[in-house]
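Engineer: Sequence first, predicted model second:
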Amino acid sequence: MMWNCRTRVHWAALLLAFGVFLAPGRGGATAGLDEGASRADSSKYRVRISLGGSPLVSSFSWCGAWLIAGGKELSGIGPESISAGGGPGLVLKPAGEIVFDLPPGSLASCELLEFSSEALRKGLEFWIEPVQDLAGNELSLPECLLKVPSENSGIAAGHRPCDESCRVLWKLDSGISGRRAICLPAELGSGSPASLILEFQATDQHAAVRIGGFRVTGQEQLLELEVEPGPSPEVFPPPRLPEYHPAIEWALVEWDWRLQDGIGTPREPASYQEVIPELCSRVERMLLFEQGEGREVAPALRELRVLMERAQALGQSTLATEDDWRQLWRQLHTWRRRLLIDSFFRPPVPIAFVKHIPSAFSHQLTQYYGRDARPGGGVYLLDYPGFSMQVRSLTEEKLPVGSYQHLDLSPDASRLAFAFCEVDRPPPNRDAHGDRFFHLFEIGLDGQGLRQLTSGPFDDFSPRYLGRDRMVFVSTRRGGYHRCGRGPCPVYTLSLLEPDGTVRVISYHETHEWDPVVLPDGRILYTRWDYVDRHAVFYQQLWTVRPDGSDVRIFYGNGTFNPVGIWEGMPVPGSRRGVATAAGRHGLTA
């Protein structure tokens, strides 16, 4: 069995990735001080990170997380760039955490900048704790020193080596963790903003540490981390990311949990305590569903009751802290993740996916045109989802530099179909690359047998297997152009690829069509923009057609105003149900 996946910027969707269910975050009461409240210390400060004694050289950001690689200057970032010094650092916002992953004997440090004089007089609190790997093993803690430059005459001009020029304020030996309150020397609280340096040293074994929850002593408001410097320059094709080390893998899983639950999110921040009841309820509903399917869940239900009683006890305690709730929240999510992996990923089921660079012209209609493609990406396998984030490229060095999109698995689970456009640089404008087109390709799961399936001055994409040797896909071969917007904007509709390579257009609908998929009864489910004598904004809904192009029928939503579009319909195996992505007009695929 093999899974393939892609997603879209959406209102509501359900995606299974790495054995973790992703769902929209829930809201909660806003924590912290009112926006207009006056305070002497800043609500955010900057951090400068050093790995292996060298400053940061590359950073990659997504969803408020920054993966940072140190070491020598590189044209591309690979595992070799981080093995010689410190491991990668990961800065997570808005929760305000930093995770360091350190190979044996390596050094990493971060310099916290711009502490105000009043903040330093009050002192500093933060928590420091170990990190797990995806298997649940706790990694060793490094030794930690908190240092301050001997002369704090202002913001540090650059990273200072932590030698005789620094004064050690506090030392944490390996193996000790928890919340730490640091009483800073009185002289640090007089004068201009100062800096503090946290230095981590791995001994003779792999170590990792997570720090966060920074706040001025006696205040509940967390201080937000601001990363310095900013993101690396935009490069095409993008450099290869470092292979994730164990601590970074687990930190990303937890980061995803916080996004699910709305922990610390800017618009509707929720606390750990607020999300735990709903989290328990979701797990209970999942277990009861499993029970209804005939699976044995009594032991898991007993474990859940114990965790729910723990939450109730914390709620009744006057001594419970945010750290207590955070630990319980993490315990619940870790246990829930194990249940999901045991149910769906034992033995591990590989996931095939495409890495796609968004097009140069950011619009739903034009994102599929080769003329707007930017280089980068490929077809990859995640061999052990839930257990490792290491991926394997199937297309590297087999095709020229170019852009990739869409993916489908053959019925015998031996081949993958995808769309590829050869392009070595982004187009300087929308008219420069009029000779670039996406075409269909196929490759075996072992990376062998690559072959091109379509050609010509047409964009072909969104392939779906129809049995062993036929394929339905979306193509501009119909001819014609979109009626509104800047042109040319070719219309694309359903087409059919026969076993002998012949291509036949099976839909001459006047406007765009998307996302074909085969239903159990052999019909094709797809999205059609029903733009004929109707409002231009609404009616991008689900339709069906037979593989020969006959019997076109509305499937769902043709009289629906909201959502205005439904894409990526998929049948639910073993049922008459389907699942799809609801989105706004011209919602972009992500």
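Structural biologist: Perfect, I can see it now.

Engineer: Please enumerate the helices of the stretch 201-350 of the chain.
Structural biologist: Ranges of helices in the stretch 201-350 of the chain, per DSSP state H, counting those that start in this stretch, are 246-261, 272-292, 298-316, 322-344.

Engineer: What residues are bridge-paired with the closest residue to residue 560 other than its chain neighbours?
Structural biologist: Using CB to CB, 6 or more residues apart in numbering and skipping residues adjacent in sequence, the residue nearest residue 560 is residue 541, 6.5 Å away. Using the backbone N, CA and C atoms, a C-beta is placed for each residue, glycine as well. Beta bridges link residue 541 to residue 528 when assigned by DSSP bridges.

Engineer: Please, where are all the strands along the stretch 351-500 of the chain?
Structural biologist: 351-356, 377-382, 391-393, 402-409, 415-422, 439-444, 451-452, 460-466, 470-475, 493-497 (DSSP state E, counting those that start in this stretch).

Engineer: Show me how far the first one is from its chain's centre.
Structural biologist: Pointing back at strand 351-356 there. Distance of strand 351-356 from the chain centroid (CA atoms, centre = their mean, to the nearest Å) equals 13 Å.

Engineer: Could you check the angle that strand makes with strand 402-409?
Structural biologist: 150 degrees (axes from the mean of the first three to the mean of the last three CA atoms, to 10 degrees).

Engineer: that older thread, surely the residue nearest to residue 560 meets residue 557?
Structural biologist: Yes. Taking CB atoms under 8 Å as the definition, residue 541 is a contact partner of residue 557 at 3.5 Å.

Engineer: Mutual contacts of those two, please.
Structural biologist: residue 566 (CB atoms under 8 Å, 6 or more residues apart in numbering).

Engineer: ok so, going back, what's the closest of the helices of the stretch 201-350 of the chain to residue 447?
Structural biologist: helix 246-261 (23.9 Å; CB to CB).

Engineer: So which other helices or strands are in contact with that closest one?
Structural biologist: Judged by 3 or more CB pairs under 8 Å, 6 or more residues apart in numbering; DSSP states H and E, helix 246-261 is in contact with strand 20-22, strand 65-70, strand 89-92, strand 97-102, strand 207-216, helix 272-292, helix 322-344.

Engineer: Nearest to residue 298, out of those?
Structural biologist: helix 272-292 (8.3 Å).

Engineer: Please export the C-alpha coordinates of the closest one as CSV.
Structural biologist: Only the C-alpha atoms of helix 272-292 are listed here, as CSV (Å, rounded to 0.1, in the frame of the first residue of the first chain):
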residue,chain,number,x,y,z
TYR,A,272,-2.5,24.5,27.4
GLN,A,273,-5.2,24.2,30.1
GLU,A,274,-7.9,25.4,27.8
VAL,A,275,-7.2,22.9,25.0
ILE,A,276,-6.8,19.8,27.1
PRO,A,277,-10.6,19.0,27.6
GLU,A,278,-11.2,19.2,23.8
LEU,A,279,-8.1,17.1,23.2
CYS,A,280,-9.4,14.4,25.6
SER,A,281,-12.8,14.5,23.9
ARG,A,282,-11.2,14.0,20.5
VAL,A,283,-9.2,11.0,21.7
GLU,A,284,-12.3,9.5,23.3
ARG,A,285,-14.4,9.9,20.2
MET,A,286,-11.6,8.3,18.1
LEU,A,287,-11.5,5.3,20.6
LEU,A,288,-15.2,4.9,20.6
PHE,A,289,-15.2,4.8,16.8
GLU,A,290,-12.5,2.2,16.8
GLN,A,291,-14.6,0.2,19.3
GLY,A,292,-17.6,0.4,17.0
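
Engineer: The chain should start at 54 in everything you say after this.
Structural biologist: Right, with 54 as the first residue, what we last looked at is helix 325-345.

Engineer: contact partners of that helix?
Structural biologist: Residues contacting helix 325-345 (CB under 8 Å, 6+ apart): 79, 81-82, 314-316, 350, 353-354, 357, 360-361, 364, 367-368, 375, 378-379, 381-382, 385-386, 389, 392, 396.

Engineer: That helix vs helix 375-397, what angle?
Structural biologist: Using the same axes, to 10 degrees, the direction of helix 325-345 lies 20 degrees away from that of helix 375-397.

Engineer: Buried residues in helix 325-345, which are they?
Structural biologist: Residues of helix 325-345 classed as buried by neighbour count (16 or more other CB atoms under 10 Å): 325-329, 332-333, 336-337, 339-340, 343.

Engineer: Quick one: mean pLDDT over stretch 236-254.
Structural biologist: The pLDDT scores in stretch 236-254 average 71.

Engineer: Would you mind measuring the gap between the ends of it?
Structural biologist: 23 Å (CA to CA, to the nearest Å).

Engineer: neighbours of residue 476, just the number please.
Structural biologist: 26 (other CB atoms under 10 Å).

Engineer: check contacts around it.
Structural biologist: Neighbours of residue 476 in contact, by CB under 8 Å, 6+ apart: 423, 426-428, 454-456, 486, 489.

Engineer: Please identify the buried residues of stretch 498-506?
Structural biologist: 498, 500, 506.

Engineer: now residue 155: how far from residue 196?
Structural biologist: 10 Å (CB to CB, to the nearest Å).

Engineer: and for those two, which residues touch both?
Structural biologist: With CB under 8 Å, 6+ apart, residue 155 and residue 196 have common neighbours 253-254.

Engineer: So between those two, which is more surrounded?
Structural biologist: Shown here are residue 155 and residue 196; by other CB under 10 Å, residue 155 has more neighbours (30 against 17).

Engineer: Is that one bridged to anything, and to what?
Structural biologist: residue 260.

Engineer: Filter the contacts of residue 476 down to the buried ones.
Structural biologist: Here, 16+ other CB under 10 Å leaves 423, 426-428, 455-456, 486, 489 buried among these.

Engineer: possible to save these as a markdown table with distance to residue 162 and pLDDT?
Structural biologist: Below are the buried ones among the contacts of residue 476 laid out as a markdown table (distance: CB to CB, whole Å; pLDDT from 0 to 100):
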| residue | distance to residue 162 | pLDDT |
| --- | --- | --- |
| 423 | 46 | 97 |
| 426 | 41 | 96 |
| 427 | 36 | 96 |
| 428 | 36 | 96 |
| 455 | 40 | 97 |
| 456 | 39 | 97 |
| 486 | 45 | 95 |
| 489 | 46 | 97 |
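
Engineer: Out of those, which comes closest to residue 587?
Structural biologist: residue 423 (29.9 Å).

Engineer: picking that back up, how close does the residue nearest to residue 613 sit to residue 624?
Structural biologist: 17 Å.

Engineer: Give me the more crowded residue out of these two.
Structural biologist: residue 594 (23 against 16).

Engineer: So that one versus residue 641, what's the distance?
Structural biologist: 18 Å.

Engineer: Quick check: the gap between residue 322 and residue 364.
Structural biologist: 20 Å.

Engineer: which residues touch residue 639?
Structural biologist: 416-418, 618 are the contacts of residue 639 under CB under 8 Å, 6+ apart.

Engineer: re the thing from before, who wins for proximity to residue 296 among the strands of the stretch 404-553 of the chain?
Structural biologist: strand 444-446 (8.8 Å).

Engineer: Need the contact partners of the closest one.
Structural biologist: 431-436.
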